[in-house]
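**Q** Sequence and predicted structure below; questions after.
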Amino acid sequence: MQFQQLQYFVAVAETRHFTRAADLVHVAQPSLSQQIKALERELGADLFLRARGNITLTDAGEALLPLARRILADADTARHEVQELAQLRSGRVRLGATPSLCTGLLPDVLRAFHDRYPGIRLLIEEGGSHDLVRELARGALDLALIVLPLPTPSPALTTVELLREDLVVVSSPDAPRPGRAAHTVRISDLEGERLVMFRHGYDLRELTVAACRAEGFEPDFAVEGGEMDAVLGFVRAGLGVAVVPRMVAARSGPDLHVTPLARPGLHRTIALAHRSDVAPPRAARELQRMLLER
């Protein structure tokens, strides 16, 4: 099995078209087809069902695809690691983070990293913790900032707790503030309040809804389905209140009122994750160090 054959196989699997795949990998279409056939002979199984105008993966192709993607991703990471110049003058870091962490935690850390290593490219992918774990596992990310605990812990990942962050309630300055006391809000005070809620799969949504149910009520959503910036914008417009991380609230500006949650409050644990079987590239290890020392 040749590395080039895996490249051609993945290209065909993603485009579902031999000619477009050949253009993608810059090779003549007959050569690509010959290499795919050679790979199928070596594996002893067809990888594609070839019907006129319709290319689909066989069961063998479906089994090979995630493995091939991971091999190609690992090879790409190795190439960048070897090609890095002395003292981190070049290279890249592929970092995944939830949208709230991109808003609250990362700007200052990435600015410090960029000032120290201006030649390192920073590739940031926003997503939910579940999606980021999947991207780490297939080799598409070097590091990821995720929220613990994960529903299904993975021994393939190494996680290091980074911080424990309080959640707060944000509201429009012109709207009545929830709660009986101006300086704190209890979860029970959110009963009857109109909430601006994140989309399904968002860690903050699951945490907030679970806390409300633990107090014996179902939250009432004024708007739901947004990412962090959208949620803050809807709150500014007076559509409702939202529960957000303290670091995000601190960066939200004077046009939002921030109220802490009364004890015991709500918290979330942020961790830095990477694959257990492959050490992160040198530049990623340096960013990891800066995040842990922040």
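**A** Arrived safely.

**Q** Tell me which stretches of the protein form helices.
**A** All helices of the chain, identified by DSSP state H, fall at 3-15, 18-24, 29-43, 59-83, 99-104, 106-116, 129-137, 203-214, 228-236, 246-250, 282-292.

**Q** how about the CA coordinates for the shortest one, as CSV?
**A** The C-alpha trace of helix 246-250 is given here as CSV (Å, rounded to 0.1, in the frame of the first residue of the first chain):
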residue,chain,number,x,y,z
ARG,A,246,-17.5,35.0,33.2
MET,A,247,-14.6,35.6,30.8
VAL,A,248,-17.0,36.2,27.9
ALA,A,249,-19.1,38.6,30.0
ALA,A,250,-16.0,40.5,31.0
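
**Q** List the buried residues of that helix.
**A** Residues of helix 246-250 classed as buried: 247-249 (neighbour count, 16 or more other CB atoms under 10 Å). Heads up, the C-betas are built off the backbone N, CA and C, glycines and all.

**Q** I would like the residues contacting that helix, please.
**A** 100, 103-105, 165-168, 170, 228, 232, 256, 258 (CB atoms under 8 Å, 6 or more residues apart in numbering).

**Q** For that helix, the averaged confidence score.
**A** Averaged across helix 246-250, the pLDDT comes to 89.

**Q** Same question for the third one.
**A** With pLDDT averaged residue by residue, helix 29-43 scores 94.

**Q** What's the local residue count around residue 72?
**A** 17 (other CB atoms under 10 Å).

**Q** Would you reformat the buried residues of helix 246-250 as CSV and include distance to residue 210?
**A** Below are these laid out as CSV (distance: CB to CB, whole Å):
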residue, distance to residue 210
247, 21
248, 20
249, 20
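
**Q** which one of the helices of the chain is the most hemmed in?
**A** helix 99-104 (a mean of 23; mean count of other CB atoms under 10 Å).

**Q** nearest spatial neighbour of residue 142, skipping sequence neighbours?
**A** Leaving aside its sequence neighbours, residue 142 sits nearest to residue 284 (CB to CB, 6 or more residues apart in numbering; 3.8 Å).

**Q** To clarify, my last question referred to residue 217.
**A** residue 191 (4.4 Å).

**Q** okay, now the one you found: neighbour count?
**A** Count around residue 191 with other CB under 10 Å applied: 15.

**Q** what about it, distance to residue 214?
**A** Distance, residue 191 to residue 214, using CB to CB, to the nearest Å: 12 Å.

**Q** now swap in residue 257 and tell me
**A** In terms of CB to CB, residue 257 sits 25 Å off from residue 214.

**Q** pLDDT value on the closest residue to residue 279 other than its chain neighbours, please?
**A** Closest residue in space to residue 279, ignoring its immediate chain neighbours: residue 285 at 7.3 Å, by CB to CB, 6+ apart. Note for residue 285: predicted pLDDT of 91.

**Q** next one: residue 177
**A** On the pLDDT scale, residue 177 is placed at 66.

**Q** Kindly report the same for the one 5 residues further on.
**A** The model reports residue 182 with a pLDDT of 59.

**Q** same thing with residue 103?
**A** 82.

**Q** With residue 213 instead?
**A** 95.

**Q** So residue 168 is in contact with residue 261, correct?
**A** Yes. Taking contacts as CB atoms under 8 Å, residue 168 lies within contact range of residue 261: 6.4 Å.
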